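Asker: Need coordinates for the following:
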Amino acid sequence: MRLSAILAALASFAIGFTLPRQDVEGDNLVARDSDTDVARSGAPDSALVKRTDAYPYTDDHSVTISVGQVIYYGITAQKVTNNINQQNARITQIRVDHPDILTFTVTMISNWGTYASDWWWHPGVDETQLSDLLNDRRLISLDPYFTPAGLRFAAVMIPNTGMQARAWWWYYDLNATAVNQRLDVDKRLVSSRPYTNNGSSEVVYAVIMVKNIGVNYKA
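Answerer: Residues are numbered from 1 along each chain as shown. Okay, here's the model as predicted:
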């Protein structure tokens, strides 16, 4: 498959905290947006869980295990935090909707049982801050956006220790050729987000890669 097709398929205040693991059962979450009370989804979707790499351990093939999930659209960082606390959930994918007012679309899953994990999220950090935060942690979702102060990232991460440890990499400001140059035969993309630098028409990418060997292998 051509890299451009792969990238297109994958592209579809620093605040941080840890939620402890909990092994209590809960109901499926119900997806709602910020403007209405209309349910979007109430059933687990293993394909979505797989796309967002929600399974926290090294073998993320185990995506047939049922898990409650939710998608919220157009909500602020505070509302994201409120929903996390109310639902005992964790974020598996984050997208910035409107950088000017900083609202997000987030996919969350129930943080219990097989999917329970410590985790952290940061709605607006620069490259230096993000790099400093990644000590024994790895990114599972990343979205770049521009502010008057420069490039910022909305980021979600989990521990990169013990059973959750993987060889992994993240890059930003790469064009398609540069992304391709970093994709060795034993690496695969798990996230790719396109953006344009201020004042430039060139599309560049922020990407997350993992070592594509052993239990991590996917064709």
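Asker: G74: which element?
Answerer: G74 is part of strand 69-76, with elements assigned from DSSP states H and E.
Asker: Not counting sequence-adjacent ones, nearest residue to R152?
Answerer: Excluding its sequence neighbours, the residue lying closest to R152 (Cβ to Cβ, 6 or more residues apart in numbering) is G124, at 4.7 Å. Placement of C-beta: from N, CA and C, glycine included.
Asker: what helix or strand is the one you found on?
Answerer: Here G124 is assigned to strand 120-125, by DSSP H and E.
Asker: now swap in F153 and tell me
Answerer: strand 150-159.
Asker: Partner strands of that strand, with direction?
Answerer: The strands beside strand 150-159 in its sheet (DSSP bridges) come out as strand 120-125 (antiparallel), strand 137-147 (antiparallel).
Asker: Using a markdown table, lay out those strands together with mean pLDDT, distance to A89 and mean neighbour count.
Answerer: Below are the strands paired with strand 150-159 laid out as a markdown table (pLDDT from 0 to 100; distance: least, Cβ to Cβ, whole Å; neighbours: other Cβ atoms under 10 Å):
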| stretch | mean pLDDT | distance to A89 | mean neighbour count |
| --- | --- | --- | --- |
| strand 120-125 | 97 | 11 | 21 |
| strand 137-147 | 94 | 14 | 20 |
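Asker: May I see these arranged in a markdown table, with distance to Y172 as well?
Answerer: Output for the strands paired with strand 150-159, formatted as a markdown table (distance: least, Cβ to Cβ, whole Å):
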| stretch | distance to Y172 |
| --- | --- |
| strand 120-125 | 12 |
| strand 137-147 | 6 |
